[in-house]
Each structure stands twice: as C-alpha cells, then as structure tokens.
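Participant: turn this into a model:
(one chain, ligands or ions: 1)
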Amino acid sequence: PSFLTQTYSERAKVNDNACAKKLLELMDKKKTNLSVAIDVTKKDDIIRIADLLGPYICVLKTHIDIVEDFDMELVETLKQLAQKHEFLIFEDRKFADIGNTVKHQYEGGVYKIASWSDITNAHPIPGEGIIKGLKEVGLPLNRALLLLAEMSSKGTLAKGQYTLDTIEMAKRNTDFVIGFIGQNRIYDNGDNSQDFLYLTPGVGLETKGDSLGQQYRTPHQVIVESGCDIIIVGRGVYGAKDDAEIKERAEKYRKAGWDAYLERIGQ
Ligand code: 5FU
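Facilitator: You can find the predicted model right below:
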C-alpha cells in the first residue's frame, strides 16, 4: 500500500533516516502536522512565539538571516525549546550554489546552520553536487535535507520536468534527502520503496495570497487532495494581534491539518 494511507507512526517504523523517524513519531505523539514559519525579525519575538507555539507544532521553520539582532544565544535557546516541546528545527535556507560553496554556507559563516538546524533545504538547480556538499557536513551530525521540488509562488519555474528530475535526484540520495518542499505528492503512486516527506508552504485559511506572488491553499487541499504531509503556515499564525490570538490560530491550523490527515488515512 501507498504511504499516503498509513499513519505517521507506521511510517516512522520503516523510515531509516533518524531525523525523519523522529519527526514522524513526534507528529503522532503530539497530534500535529503543523509547521509554523516564524518570520519575525527580533530575537526575543522569535523565542517568545516559539515557546508559545511549541505544543502545537512538529517543525519550527526559521529564516535566520532576517533576524536583526542574531547571536548564537538565539539558536541555543531554540534548541532548548525544541527539546522542551519536542519539535524539530528547519532552517529554510534554500541553498542554491555549487557543492563547495554550500558546504561553507551550511557549516560556517555567521549562522553555523548545521550546528543547530535539524533540517535544511536546497534548490536542485546546480545539480547533484549541492547535495553531496551539504551531505559532507550534515550526515555526520544526523541532519536531513529537503529538496525544493515545487514552490507556492505565482510563476514558479520549478514545475514539469524540473520537478520530476528533482525526485530522481532525491531517490539517489536517500541517506540524506528525506523529502521535498512541494505542493503535490509527486512520487509515491503505490511504489513504497522510499517514503519521502512532503512539507508544503503556501497555506492559509483566510486569504488566497499576498501582493508579492504568494498563493494560499487550505490544509484540506494540501493534505487530502494533494497528499502532502506537513502544512507550513507563517503569517496566518504569527500575524495575529496578540499572544492569545497567535495560540488560537495555531490550534485552528493544527486541528485543520490533523483532521485532514485523519480523513486521508480513513480514521
Ligand atoms: F519554498 C517555499 C515556498 O514555495 N513558499 C513559501 O512560502 C517557502 N516558503 C516559505 O514559507 C516562505 O519563505 C515563508 O517563510 C513561509 C510562508 O509564509 P506565509 O506567511 O504563510 O506566506
């Protein structure tokens, strides 16, 4: 049978990537397939929201290079919160250069992403060397990679053959690549030799998009109709008026995502 109709914990049992296994396990345990993108620019706000939302999320997504007062204390605190609330950290870095360059960008520089982020992602555009470079740094640390197979934004060039070739690239690197950022479950089709996770941004219940090309679909469209695994929500959650409303919104998206998952697996 396809992974599409299996529970997250059933899938955890047969996934031999430590990071993917941990993620699938904690999703069932916490009953959440919600990832929140905390795209705010002050350290204290990120920490406050991360602590607030910890119980509702399986993955905390960051854009570390938008933080104005970044220091290593921020990522140390996020690591502690990840332990306290049991979530994984995903730095949405979207690496896109040759292997040798991304290796340095991933391991070093100001942010030292590999030292604190469980998961990161890369565009397949440079070819497979990008995976090889990131893998040299990430594998010894038990990190995992997502490839950007599709994007949520209007006019994206990541489609058609590009997307199909991305899947093939992932299949050749299953020791490190655990899945995709994408809009549809492209690879599966009853072939369950490899269980890839699909994490999907561009999720919103209130609006259809923004003025800069973002396009939103509902959790039901993403999880049931498109067969993806994790919904990524940014402004739909953190863009509330106060902490109480941020929590309310997180619970609303968590429930919508989880109900959609239960519908999909027939429970
Ligand atoms: F790869 C992608 C993509 O295709 N679309 C996205 O929106 C990533 N994103 C990220 O998800 C984007 O950089 C934001 O961090 C987040 C979506 O935020 P929103 O506020 O829910 O639109």
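Participant: Leu139 is in contact with Asp175, isn't it?
Facilitator: Yes: using CB atoms under 8 Å, Leu139 is in contact with Asp175, at 6.7 Å. Any C-beta I mention is one placed from the backbone N, CA and C, and that applies to glycine too.
Participant: which residues are contacting the longest strand anywhere in the chain?
Facilitator: Using DSSP state E to define each element, the chain has its longest strand at strand 88-95. For strand 88-95, contacts defined as CB atoms under 8 Å, 6 or more residues apart in numbering pick out 19, 22-23, 26, 35, 37, 58-65, 78-79, 82, 102, 105-106, 111, 113, 116-123, 130, 134, 146, 148, 199.
Participant: alpha carbons of the host helix or strand of Tyr106, as PDB, please.
Facilitator: Secondary structure from DSSP states H and E places Tyr106 in helix 99-107. Coordinates of the C-alpha atoms in helix 99-107 are reproduced here as PDB (Å, rounded to 0.1, in the frame of the first residue of the first chain):
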ATOM      1  CA  GLY A  99      28.800  21.900  -3.600                       C
ATOM      2  CA  ASN A 100      32.000  23.500  -2.300                       C
ATOM      3  CA  THR A 101      30.300  26.800  -1.600                       C
ATOM      4  CA  VAL A 102      27.200  25.500   0.100                       C
ATOM      5  CA  LYS A 103      29.400  23.300   2.400                       C
ATOM      6  CA  HIS A 104      30.800  26.500   3.800                       C
ATOM      7  CA  GLN A 105      27.500  28.300   3.900                       C
ATOM      8  CA  TYR A 106      25.900  25.400   5.800                       C
ATOM      9  CA  GLU A 107      28.700  24.700   8.300                       C
END
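Participant: of the contacts of strand 88-95, buried ones?
Facilitator: Listed as buried from the contacts of strand 88-95 are 19, 22-23, 26, 35, 37, 58-64, 78, 82, 102, 105-106, 111, 113, 116-123, 130, 134, 146, 148, 199; burial here means 16 or more other CB atoms under 10 Å.
Participant: what about whichever residue of the chain sits closest to the ligand, how many residues nearby?
Facilitator: Nearest to the ligand in the chain, going by CB to the nearest ligand atom, is Gly234, at a distance of 2.6 Å. Gly234 has 21 neighbours, counted by other CB atoms under 10 Å.
Participant: separation between it and Glu168?
Facilitator: Distance, Gly234 to Glu168, using CB to CB, to the nearest Å: 30 Å.
Participant: ditto for His220
Facilitator: The gap separating His220 from Glu168 is 30 Å, by CB to CB.
Participant: again, but for Lys79
Facilitator: Shown here: Lys79 relative to Glu168, a distance of 34 Å by CB to CB.
Participant: compare His220 and Glu168 (neighbour count), which wins?
Facilitator: His220 (17 against 11).
Participant: contacting residues around that one?
Facilitator: Listed by CB under 8 Å, 6+ apart, the contact partners of His220 are 256, 260, 263.
Participant: helices along the stretch 51-200 of the chain, start to end?
Facilitator: Secondary structure of the stretch 51-200 of the chain (DSSP state H, counting those that start in this stretch): helices located at 72-85, 99-107, 129-138, 160-171.
Participant: tabulate those helices (JSON lines), appending distance to Asp243 and mean pLDDT.
Facilitator: Formatted as JSON lines, the helices of the stretch 51-200 of the chain follow (distance: least, CB to CB, whole Å; pLDDT from 0 to 100):
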{"stretch": "helix 72-85", "distance to Asp243": "15", "mean pLDDT": "98"}
{"stretch": "helix 99-107", "distance to Asp243": "33", "mean pLDDT": "98"}
{"stretch": "helix 129-138", "distance to Asp243": "34", "mean pLDDT": "98"}
{"stretch": "helix 160-171", "distance to Asp243": "38", "mean pLDDT": "96"}
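Participant: okay, the ones you listed, which one's buried deepest?
Facilitator: Highest mean neighbour count of these: helix 129-138, a mean of 21 (counted as mean count of other CB atoms under 10 Å).
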